[in-house]
Each structure stands twice: as C-alpha cells, then as structure tokens.
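Colleague: sequence isn't available, so here's the structure alone:
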C-alpha cells in the first residue's frame with residue numbers, strides 16, 4: 001500500500017525529482033557526459049528557498065519568536081514567498097530588477113509591504129538591503145530582520161538534507177555540481193557536504209556576466225547591471241566560504257534566457273537562473289573534457305511561472321535582444337514568414353450570416369444550429385455590427401430559465417464597448433474579449449479587423465481570443481467570421497504547417 005496521506009504544506013518540501021537533461025533544448029550537443037537536473041522548482045513554493053524557509057521557521061519557533069511577528073525579508077523574493085507560504089507575516093525588500101510577476105505573487109501571498117532596493121548597493125552603504133532592513137526593523141516592535149547572507153541562521157542541516165538526496169538519487173556518482181550563486185550559502189554547505197562523501201567532486205559556481213562574486217571585484221558596482229534574477233552580486237557575499245567553489249562561470253543574459261526558453265520547450269519549466277546554470281554545465285562539461293560515464297548535476301532552483309511578463313513574453317525577449325539566433329529565426333518564421341504577407345482576404349472566408357438585435361433567441365439558436373455555427377454576429381440599426389451571441393451561452397440561458405426563446409437577442413448578446421484598431425504590435429490582451437455569458441448584455445472592447453489585416457496580426461489576436469469578426473473599415477458591416485482553425489487550414493494549404 002502506498003504512503004500517500006494528508007500532510008502539512010511544510011511536509012511536502014524536499015525530495016524533489018532529479019531528471020536527465022540530454023535531449024532537452026540541445027543540452028547534450030557536443031557533450032559526452034550526462035547532465036541531470038535537480039528540480040528544486042518543484043517544491044511547493046516553486047523554489048529551493050522553501051528548504052531555507054522551513055529551517056528558518058523552526059529556528060524562529062525555538063527562539064520563542066511569536067508566529068505573528070513581522071519578518072522583514074531581504075532577497076530576490078523567493079525566500080519571502082516561501083516564508084509567506086508557511087503563514088508568516090512578511091515585509092519584503094527586493095532588488096529593482098525583480099520581475100513584476102514575482103511582486104504580484106508576493107502581494108497575493110499577503111506580503112504587507114514591498115520595498116525596492118538598489119541593485120548594486122555595497123555592504124555598509126545606506127542603500128544596502130541590510131541597512132534598510134535594520135532601520136525598518138528598529139521602528140517595528142517585535143520585528144525580525146531575515147537575511148540568510150548574514151549568518152544569523154544555521155542552514156547546515158538544510159543543505160545537508162539536499163546533499164543526501166542528490167547522493168541517493170545518483171547512487172553517489174557525481175563528478176560535478178553546478179549551481180547559481182547569490183548568498184553563497186548553498187555553494188558553501190553543499191560543497192562541504194558532498195566533498196565529504198566524494199572528495200573528487202568539482203563545484204562550479206554560476207553568476208551573470210558583470211557579477212563580481214567570483215572575481216572578488218567590487219569596483220564601480222552601480223555600473224554592473226544584469227537582468228537574470230536570483231543569482232549574482234556586485235560583491236562577494238560573506239556567507240561564501242573561500243575554496244567552496246572550484247570554478248566560476250559567468251553567463252550572459254542572452255544565453256541564460258535563451259536556454260531557459262529551450263528548457264521550457266523540453267518540458268522543464270525553469271526560470272532564467274536555471275537557464276544560466278544549465279548553459280554553464282554544458283560549458284564546464286566541454287571545457288573539462290568530461291567523458292561518457294561521468295555525470296554533472298545542475299540545481300534548477302526557480303520556476304518559469306514567475307516571469308510571465310519577461311521570460312515568457314516574446315515581445316519582451318525581442319525588445320531586450322535575449323533570443324539566440326536559432327530561436328530568433330524560429331520566432332520570425334512563426335510570426336511573419338509562414339504567412340508571407342498574406343491578409344485575411346486570402347482566407348477566402350464565406351460571407352457572414354447575421355441576426356438582428358430584435359430577433360428572438362429562438363431564431364438565433366435555430367440559425368446557429370442549422371449552419372453549425374458556434375456564434376453569430378448581431379447587428380443593430382442600419383445592419384451595423386454591434387456584438388455577437390454564442391450558441392453555448394444562449395442554450396445555457398434557455399436551459400436554466402434565465403431566458404426564453406421568445407425574448408430578444410439584445411438582452412443577452414455580448415456587445416462591443418467602443419472601438420480600437422489592432423495596429424502592428426498592439427497588445428490585444430487589453431481587450432478582455434473572452435466570451436462571458438451573463439443575464440444582461442455584456443460589453444466587450446472592439447478591435448477593428450478588416451480584409452486587409454495581415455494574418456500575422458490576426459495570429460497575435462488569436463493568442464487571447466477565440467473568434468474574429470471581419471468588418472469594413474468603417475465597422476458598418478460584418479463581412480465574415482474567422483477562427484484559429486481558418487489560419488491552420490490556410491497554412492496547411494501552403495504546406496508550411498509544422499506538426
């Protein structure tokens with residue numbers, strides 16, 4: 001019988017899977033050694049910091065700190081998320097480069113306040129998170145400043161547990177450990193624990209280009225800028241023990257973000273810091289001439305889900321030049337080349353069939369059923385397009401008694417609420433045009449789509465919408481209805497569709 005049972009959220013932390021990475025995103029190209037990933041983003045709070053938070057909470061309890069005491073937490077945000085998950089009251093200090101998605105998650109988790117700090121502030125300066133955090137704590141009775149870099153917390157057992165998991169999962173066969181470095185705690189404690197069992201193991205520290213951890217250089221820190229979160233410092237952190245890292249590799253933002261996207265395509269939903277670490281593992285395996293039978297373990301410590309507006313956004317990746325040449329070519333083909341300047345007119349859509357807002361629900365339902373339509377455009381005075389009605393919503397409203405077949409369509413249709421032009425590069429997500437059934441007319445933002453609209457723009461529209469109503473430039477008449485299936489059929493005719 002399995003050991004599945006109901007547990008507390010803290011009991012699910014740890015015992016994360018370790019998976020083979022060769023074949024994922026080209027990780028194994030020109031690499032003989034095996035590269036495997038320890039998926040720390042599969043902790044319940046989606047990062048390796050869940051382990052740290054669990055041990056900090058235990059130590060807070062042993063020190064008699066009340067459960068409702070305010071914890072002022074400094075760092076990229078993952079530790080604060082983990083502590084909030086464990087039901088602690090949090091105020092968070094995060095660097096300026098912290099993603100908006102992570103900040104939104106912190107707010108949703110109940111973090112009372114979020115303070116942005118300077119990316120390159122040096123220890124001892126008034127702008128450094130330690131100084132800011134301590135000043136805030138001094139004015140908050142009972143508050144506790146939490147910063148794992150300061151050595152106020154015993155994290156040896158935390159990382160000993162992680163080391164034991166990795167040794168068990170690899171049956172002790174680890175030739176190298178590759179991990180991103182921020183506070184230095186993970187590198188220090190894992191190096192000590194793993195080398196005690198396997199002295200020949202090499203520890204490779206990963207940091208962004210322009211970070212100064214490995215080079216021990218803090219000159220002009222404010223000029224040191226990078227986008228990759230969770231790793232890198234403008235100085236060497238005090239928690240990093242000398243000699244714990246055998247080799248340092250700096251990874252550019254372009255390489256980190258591109259590799260993260262490749263990992264996502266391969267089923268590993270990891271963030272940019274993991275992309276940097278996997279890219280560094282490839283670099284190390286090739287530079288050290290590792291052979292078949294040798295193994296490199298990579299810590300994959302953060303989830304891609306914290307980066308919806310950045311890593312997961314094609315537009316943002318393009319704007320910041322973070323796609324490698326292969327991915328850039330793939331994206332250009334997807335967005336433009338496959339349509340080769342075609343417009344909606346090339347879809348050869350049948351003429352639209354419409355109903356009037358004065359027509360009955362029964363007439364509209366019968367029309368859609370007879371023609372196998374899932375929706376029908378609705379016109380007002382002068383046959384001007386004013387909205388639409390979906391078959392599923394209409395049938396639901398009839399079935400639950402909200403509407404009758406004799407009632408007019410205008411009471412239940414989805415109305416367009418204004419006019420906007422879908423210009424090149426426009427973000428159609430602002431329209432909020434998902435079909436929503438309600439007991440009264442719902443108003444939807446209208447995007448002007450004409451027969452001259454390029455198919456590349458229509459494809460972007462379909463990223464957030466299910467149906468497009470094609471009109472003349474004055475939006476007076478509905479000329480046709482297009483769906484994503486029409487685009488797929490068009491590409492199939494051109495023999496450019498890739499399955």
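Modeller: Done, it's in. All values reported here derive from a predicted model rather than from experimental measurement.
Colleague: give me phi/psi at residue 205?
Modeller: phi -90, psi 140 (degrees, to the nearest 10).
Colleague: just residue 162 next, same as before
Modeller: Torsion angles, degrees, to the nearest 10, at residue 162: phi -60, psi -40.
Colleague: what distance do you get for it to residue 230?
Modeller: The gap separating residue 162 from residue 230 is 16 Å, by CB to CB, to the nearest Å. Backbone N, C-alpha and C define where each C-beta goes, glycine included.
Colleague: just the element for the closest residue to residue 244 other than its chain neighbours, please.
Modeller: Leaving aside its chain neighbours, residue 244 sits nearest to residue 191 (4.0 Å; criterion: CB to CB, 6 or more residues apart in numbering). In this structure, residue 191 sits in helix 185-197 according to DSSP states H and E.
Colleague: buried sites along that helix?
Modeller: 185-195 (16 or more other CB atoms under 10 Å).
Colleague: and if you look at stretch 16-25?
Modeller: Quick answer for stretch 16-25 (16+ other CB under 10 Å): 16, 18, 21, 24-25.
Colleague: which of the residues you listed lies closest to residue 416?
Modeller: residue 25 (42.1 Å; CB to CB).
Colleague: thought residue 270 was touching the closest one, still the case?
Modeller: No. The pair residue 25 and residue 270 fails to qualify as a contact (CB atoms under 8 Å) at a distance of 10.2 Å.
Colleague: which residues do these two both contact?
Modeller: 263, 278 (CB atoms under 8 Å, 6 or more residues apart in numbering).
Colleague: now do the contacts for residue 170.
Modeller: Per CB under 8 Å, 6+ apart, neighbours of residue 170: 18, 36, 295, 297.
Colleague: make a markdown table out of the residues you listed and add pLDDT, secondary structure and distance to residue 140.
Modeller: What follows is the contacts of residue 170, written out as a markdown table (pLDDT from 0 to 100; DSSP: H, G, I helix; E, B strand; the rest coil; distance: CB to CB, whole Å):
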| residue | pLDDT | secondary structure | distance to residue 140 |
| --- | --- | --- | --- |
| 18 | 98 | strand | 41 |
| 36 | 97 | strand | 44 |
| 295 | 97 | strand | 48 |
| 297 | 98 | strand | 41 |
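Colleague: out of those residues, who's the most crowded?
Modeller: residue 297 (26 neighbours; other CB atoms under 10 Å).
Colleague: top helix in this structure by residue count?
Modeller: helix 272-287 (DSSP state H).
Colleague: other SSEs contacting it?
Modeller: Counting contacts by 3 or more CB pairs under 8 Å, 6 or more residues apart in numbering; DSSP states H and E, helix 272-287 packs against strand 34-39, strand 176-180, strand 202-208, strand 247-251, helix 253-265, strand 295-300.
Colleague: of these, which is nearest residue 395?
Modeller: Closest among the helices and strands packed on helix 272-287, using CB to CB: helix 253-265, at 38.2 Å.
Colleague: buried ones in that closest one?
Modeller: 253-264.
Colleague: how about those in JSON lines, adding pLDDT and distance to residue 211?
Modeller: What follows is those, written out as JSON lines (pLDDT from 0 to 100; distance: CB to CB, whole Å):
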{"residue": "253", "pLDDT": "95", "distance to residue 211": "11"}
{"residue": "254", "pLDDT": "94", "distance to residue 211": "15"}
{"residue": "255", "pLDDT": "95", "distance to residue 211": "14"}
{"residue": "256", "pLDDT": "96", "distance to residue 211": "12"}
{"residue": "257", "pLDDT": "96", "distance to residue 211": "16"}
{"residue": "258", "pLDDT": "95", "distance to residue 211": "18"}
{"residue": "259", "pLDDT": "95", "distance to residue 211": "17"}
{"residue": "260", "pLDDT": "96", "distance to residue 211": "17"}
{"residue": "261", "pLDDT": "94", "distance to residue 211": "21"}
{"residue": "262", "pLDDT": "93", "distance to residue 211": "22"}
{"residue": "263", "pLDDT": "95", "distance to residue 211": "21"}
{"residue": "264", "pLDDT": "94", "distance to residue 211": "24"}
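Colleague: what's the closest of the residues you listed to residue 106?
Modeller: Nearest member of the buried residues of helix 253-265 to residue 106, counting by CB to CB, is residue 260, at 21.1 Å.
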